[in-house]
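Visitor: quick one: sequence plus predicted model below, questions after.
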Amino acid sequence: MRLVLVGVRGQGNHWVKILRRSAEVEVVGYVDVVPEHLAALRAEHGVSEAQCFSNLGAALAAVRPDGVVCVTPPAFHRVVAEQALQAGCHVLTEKPLADTWGNCRAMVADAARAKRVLMVGQNYRYDRAIQTLRGVIAGGAIGTPGQVAVQFFKGPHFGGFRDEMRYPLVIDMSIHHFDLMRYVLGADPISIQAHSWNPSWSWYQGDASIAAFVEMRLVADATHAVAVTYTGSWCANGGETTWNGDWRVLCDDGCVVLTGDQVRVQHREGRPWEDVAPVSMARTSQEYLLTEFLAAIREGRQPETSGVDNLRSIEMVFGTVESIEQGRRVMMAGQ
């Protein structure tokens, strides 16, 4: 599979390493609008100048790839995907799918018209701790989930576009946790009510903290509701969680928790807590995403984190923003 990578620094540099390690792909072009980024790429990875392009259109015309991997800021996801799909390429884009609800829907529609795969980089699904947590719930040994608490606290100093976002945690990070709620619980959202704020010590311009209540229903049983509370901050100066966050899932026959990426389960109150051994995985995170992207193309099917599926996750992000700004409970578009 011949691929072009758009965006080569930051997370893009991580993708450079993943793609160059893969025996299943050949990276035939690298695109970045910042000349210094391409210079750093050539110096660090020995990439030839002939493989470097300042815009995607030139790369598509010159190397005619099979697919495009997009690792740009969210505001540019739609234009990158639109160009790639029109050129007959499949697209794997970093999360979030796009910067607006309208752009997200347009990208999914464009992919459907082009009959090409559009996959979103929801790599948190493919972490050993998350897979272990999901396995305990799906196995049914402690019954059906009904109440969930998710807490996330981190204090990263990224710089760049994130520092200028209105809601940096919600828009750039919470998409992972919202997607995990759907994936881990086997549920889809009904409504969201949220409140955001910015602590006095925050280095972000926009609100970096959030508290939200999410009402969900199980996909396998639409009559069964699940209540989820979600609290988080992206300017924590201590008490940090892992990137997956801490989870407590209350079921009708027990409880399972994820703390510090360790899964523990208790079968009803009074019984001892038991550590759950992490599941074995041949590939995780972005390496899993790449393998799934290629497999979906070969097999002519939708990938696990397709653009179509991701609409149910990304609508939680935009529903959260709407709830914050309007001060009310917001029903999800899928209802």
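Guide: Perfect, I can see it now.
Visitor: tell me what the longest helix that the chain contains is packed against?
Guide: Longest helix in the chain, counting residues (DSSP state H): helix 307-326. Other helices and strands packing on helix 307-326, by 3 or more CB pairs under 8 Å, 6 or more residues apart in numbering; DSSP states H and E, are helix 101-114, strand 118-121, helix 174-185, strand 187-197, strand 209-218, strand 330-331. For every residue, glycine as well, the C-beta is placed using N, CA and C.
Visitor: with distance to Val33, mean neighbour count and mean pLDDT added, can I get those in a markdown table?
Guide: Output for the helices and strands packed on helix 307-326, formatted as a markdown table (distance: least, CB to CB, whole Å; neighbours: other CB atoms under 10 Å; pLDDT from 0 to 100):
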| stretch | distance to Val33 | mean neighbour count | mean pLDDT |
| --- | --- | --- | --- |
| helix 101-114 | 19 | 18 | 96 |
| strand 118-121 | 20 | 27 | 97 |
| helix 174-185 | 24 | 24 | 97 |
| strand 187-197 | 31 | 20 | 97 |
| strand 209-218 | 31 | 20 | 97 |
| strand 330-331 | 35 | 17 | 96 |
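Visitor: figure out which of these is closest to Ala141.
Guide: helix 174-185 (15.3 Å; CB to CB).
Visitor: for His177, see how far away the most centrally placed residue in the chain is.
Guide: For the chain, the residue nearest the mean C-alpha position is Gln122 (3.2 Å; CA atoms, centre = their mean). Noted for Gln122: a distance of 11 Å to His177, by CB to CB, to the nearest Å.
Visitor: any idea of the pLDDT on the residue lying closest to Val28 once chain neighbours are set aside?
Guide: In space, Val28 comes closest to Val63 once its chain neighbours are excluded; the distance is 4.2 Å by CB to CB, 6 or more residues apart in numbering. As predicted, Val63 sits at a pLDDT of 95.
Visitor: I figured Val63 hits Val4, correct?
Guide: Yes - if you go by CB atoms under 8 Å, Val63 and Val4 touch, sitting 6.6 Å apart.
Visitor: anything in contact with each of those two?
Guide: Listed as contacting both Val63 and Val4 by CB atoms under 8 Å, 6 or more residues apart in numbering are Val28, Gly29.
Visitor: so which bits of the longest helix of the chain are buried?
Guide: 307, 309-324 (16 or more other CB atoms under 10 Å).
Visitor: make a markdown table from the helices and strands packed on helix 307-326 and add distance to Ala129 to it.
Guide: Below are the helices and strands packed on helix 307-326 laid out as a markdown table (distance: least, CB to CB, whole Å):
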| stretch | distance to Ala129 |
| --- | --- |
| helix 101-114 | 28 |
| strand 118-121 | 18 |
| helix 174-185 | 11 |
| strand 187-197 | 19 |
| strand 209-218 | 21 |
| strand 330-331 | 30 |
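Visitor: Arg283 is nearest to which of these?
Guide: strand 118-121 (14.1 Å).
Visitor: mind checking which helix or strand of the protein has the lowest mean pLDDT?
Guide: helix 168 (a mean of 92; mean pLDDT, DSSP states H and E).
Visitor: centre of the chain to that helix, how far?
Guide: Mean-position distance between helix 168 and its chain equals 14 Å (CA atoms, centre = their mean, to the nearest Å).
Visitor: mind listing residues that contact it?
Guide: For helix 168, contacts defined as CB under 8 Å, 6+ apart pick out Arg162, Tyr204, Gly206, Asp207, Ala208, Trp234.
Visitor: and the helices in the protein?
Guide: So, for the chain - with DSSP H - the helices run 11-21, 35-45, 56-63, 77-86, 101-114, 128-139, 168, 174-185, 285-299, 307-326.
Visitor: what angle separates the first one from helix 285-299?
Guide: For helix 11-21 against helix 285-299, the angle between stretch directions is 60 degrees (axes from the mean of the first three to the mean of the last three CA atoms, to 10 degrees).
Visitor: okay, and for the stretch 201-335 of the chain, where does confidence drop off?
Guide: 334-335 (pLDDT under 70).
Visitor: the same query, at a cut-off of 90, please.
Guide: Along the stretch 201-335 of the chain, the parts satisfying pLDDT under 90 run over 220-222, 268-271, 333-335.
Visitor: next one: the stretch 1-150 of the chain
Guide: Ranges of the stretch 1-150 of the chain meeting pLDDT under 90: 10.
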